[in-house]
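Novice: sequence first, then the predicted structure:
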Amino acid sequence: MLFATARVARLATVGADGRPHLVPIVFTLDGDTLVTAVDAKPKRTAALKRLENIRAEPRVALLADHYDEDWAALWWVRADGRARVLDIAPAAIARLRDRYPQYTDAPPAGPVIEVAVERWTGWRAGP
């Protein structure tokens, strides 16, 4: 699946005021379950909007894409699903450490966002 080959995706949530909120994430994918975690990269606050939004409205969308100068190699995949926030998820953290060497010395402390993907859609320019 093309989505799994991407290294970064964008997570879209919606706030109580109906405004969309979009952030880039790193992730792992196991079948139709996607996980990402809050890591130690600098953030303005520990009270992240994406977590607040998911707790209030679990429907989310994720978008992964690939750009290339050769437009025949372009693609995008969107995953729509329901998310939940987990305070502890050691298996998810381990999968993230396996996929991203940057997490070897500083694994994410969490929380973890787990998305049960309900629908996949996408487009591909080439075969």
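Specialist: Cool, got the structure. Since we're looking at a predicted model, the values are computed, not measured.
Novice: make sure residue 11 is actually in contact with residue 34.
Specialist: No - the criterion here is CB atoms under 8 Å, and residue 11 misses it with residue 34 at 9.2 Å. Backbone N, C-alpha and C define where each C-beta goes, glycine included.
Novice: please enumerate the helices of the protein.
Specialist: 2-5, 49-56, 90-99 (DSSP state H).
Novice: pull out the buried residues from the longest one.
Specialist: It stands for helix 90-99. Across helix 90-99, burial judged by 16 or more other CB atoms under 10 Å covers 92, 93, 95, 96, 97.
Novice: hmm, residue 49 and residue 20 touching each other?
Specialist: No - counting by CB under 8 Å, residue 20 does not reach residue 49; the two are 10.8 Å apart.
Novice: so what's in contact with these two at the same time?
Specialist: Contact criterion CB atoms under 8 Å, 6 or more residues apart in numbering; residues shared by residue 20 and residue 49: residue 13.
Novice: which residue ranges form the strands in the chain?
Specialist: 9-14, 20-25, 28-30, 33-37, 59-66, 75-86, 112-124 (DSSP state E).
Novice: adjacent strands (with direction) for the second one?
Specialist: It refers to strand 20-25. Using DSSP bridges, strand 20-25 pairs in its sheet with strand 9-14 (antiparallel).
Novice: and the partner strand, how far from the chain's centre?
Specialist: What separates the centre of strand 9-14 from the centre of its chain is 7 Å, taken as CA atoms, centre = their mean, to the nearest Å.
Novice: got the CA coordinates for that strand in PDB?
Specialist: Presented in PDB, the C-alpha positions along strand 9-14 are these (Å, rounded to 0.1, in the frame of the first residue of the first chain):
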ATOM      1  CA  ALA A   9       1.300  12.200   6.700                       C
ATOM      2  CA  ARG A  10      -1.000  15.100   7.700                       C
ATOM      3  CA  LEU A  11      -3.500  14.500  10.400                       C
ATOM      4  CA  ALA A  12      -6.800  16.500  10.100                       C
ATOM      5  CA  THR A  13      -9.000  17.000  13.100                       C
ATOM      6  CA  VAL A  14     -11.900  19.300  13.800                       C
END
